[in-house]
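Student: I would like the atomic coordinates for the input below:
(one chain, ligands or ions: 1)
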Amino acid sequence: MTELFITIRFLDFLDVLLVAFLLYELYMLIKGTVAFNIFMGIFIVYLVWLVVKALNMELVSTILGQLFGVGVLALIVVFQQEIRKFLLLLGSRYQANNKFSFENLFPQHFKSTTESSLRAIVDACQDMARTKTGALIVIARSTELREFAETGEIIDAGITSELLKSIFYKNAPLHDGAVIIVGNRVRAARCILPVSAKKNLRPSLGLRHRAALGMSEQTDAYVVTVSEETGRISVAHNGQLDENLTVENLFKKLEENHAA
Ligand SMILES: Nc1ncnc2c1ncn2[C@@H]1O[C@H](COP(=O)(O)OP(=O)(O)OP(=O)(O)O)[C@@H](O)[C@H]1O
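Tutor: Numbers count the residues shown, from 1 in each chain. Below is the predicted model:
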């Protein structure tokens, strides 16, 4: 018994801590999503495999063993979104906390959204909330979101409150879908965003808000919505939706995270 404790090295302890951390992050990413059920399914099959192996049940353990052999590839396909999110999360946390970050070593080729651009976005939201004009605005942070911008119409214009309002004006040709802001430019409009697959969302949450959530699950962008139904302003970030924000709260939230 004493021998067992003596042979445990500091690195083993670190090893366990690291695995616990990774499992915790994975749990936080997939909880409430369909991926969680898939993960639990795989975990149960893995437990069964361990038991049948321990009991020397050759046939079942060989079949399950083979399954796990090719399973890694299948897992990458099934958990593609989660793996992407996980790596993005690690990358953006590293960037946020480290002055020797990738961002500093290899500066992104767009500037952070400035306070005046954020003010223009917030002003537009205020007016659209008053007139109950539906809006969906994605504000990029660490990546340009090119693959999402390319689903819509590329605009590449300076940000003004008037431009945003005219894009979302009811029946205007570009009002459907999302606007993507990169740095201080309106990069694209009419973009299609991924819809959240979370199962425990309130049923009254419509597609606009689900798309905002979905986008915030897959990227580190802030996604602002104005509800056409209620005129309420919400922000999605990191898979969380903050609803019914005041204009000042919206500005504070965006400023804390975007202004250069
Ligand atoms: N995947 C998507 N990507 C981009 N925009 C989307 C997406 N899904 C829906 N939208 C936008 O949301 C609009 C529909 O919103 P819907 O009424 O279903 O949502 P909601 O969350 O109830 O919003 P509201 O409160 O404004 O009614 C669409 O007309 C479209 O402009």
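Student: going forward, measure contacts between C-alpha atoms and count neighbours the same way
Tutor: Will do.
Student: sec struct for the residue nearest to Thr131 when sequence neighbours are not counted, please.
Tutor: Spatially, and ignoring its direct neighbours in sequence, Thr131 is nearest to Gly231 (7.3 Å; CA to CA, 6 or more residues apart in numbering). Three-state call for Gly231 (DSSP: H, G, I helix; E, B strand; the rest coil): coil.
Student: Assess the claim that Gly231 and Ala129 are in contact.
Tutor: Yes - between Gly231 and Ala129 there is a contact under CA atoms under 8 Å: 4.2 Å.
Student: List the contacts of the residue nearest to Thr131.
Tutor: Counting by CA atoms under 8 Å, 6 or more residues apart in numbering, Gly231 touches Met128, Ala129, Arg130, Thr131, Lys132, Thr133, Gly134.
Student: Save those residues as JSON lines, and put in neighbour count, secondary structure and distance to Ser216 too.
Tutor: Shown next, in JSON lines, are those (neighbours: other CA atoms under 10 Å; DSSP: H, G, I helix; E, B strand; the rest coil; distance: CA to CA, whole Å):
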{"residue": "Met128", "neighbour count": "23", "secondary structure": "helix", "distance to Ser216": "22"}
{"residue": "Ala129", "neighbour count": "22", "secondary structure": "helix", "distance to Ser216": "21"}
{"residue": "Arg130", "neighbour count": "14", "secondary structure": "helix", "distance to Ser216": "25"}
{"residue": "Thr131", "neighbour count": "13", "secondary structure": "coil", "distance to Ser216": "26"}
{"residue": "Lys132", "neighbour count": "18", "secondary structure": "coil", "distance to Ser216": "23"}
{"residue": "Thr133", "neighbour count": "20", "secondary structure": "coil", "distance to Ser216": "22"}
{"residue": "Gly134", "neighbour count": "25", "secondary structure": "coil", "distance to Ser216": "18"}
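Student: near the ligand, from these?
Tutor: Contacts with the ligand within those, as defined by CA under 6 Å from any ligand atom: Gly134.
Student: Confirm Ile180 sits in a strand?
Tutor: Yes - assigned with three-state DSSP, Ile180 falls within a strand.
Student: Who are the contact partners of it?
Tutor: Here Ile180 is in contact with Ile137, Val138, Ile139, Ala140, Ala149, Val186, Arg187, Ala188, Ala189, Cys191 (CA under 8 Å, 6+ apart).
Student: Pick the one among those closest to Ala54.
Tutor: Proximity of these to Ala54 (CA to CA) peaks at Ala140, which lies at 50.7 Å.
Student: so how far is Ile42 from Leu29?
Tutor: 17 Å (CA to CA, to the nearest Å).
Student: of those two, who's got more company?
Tutor: Leu29 (20 against 15; other CA atoms under 10 Å).
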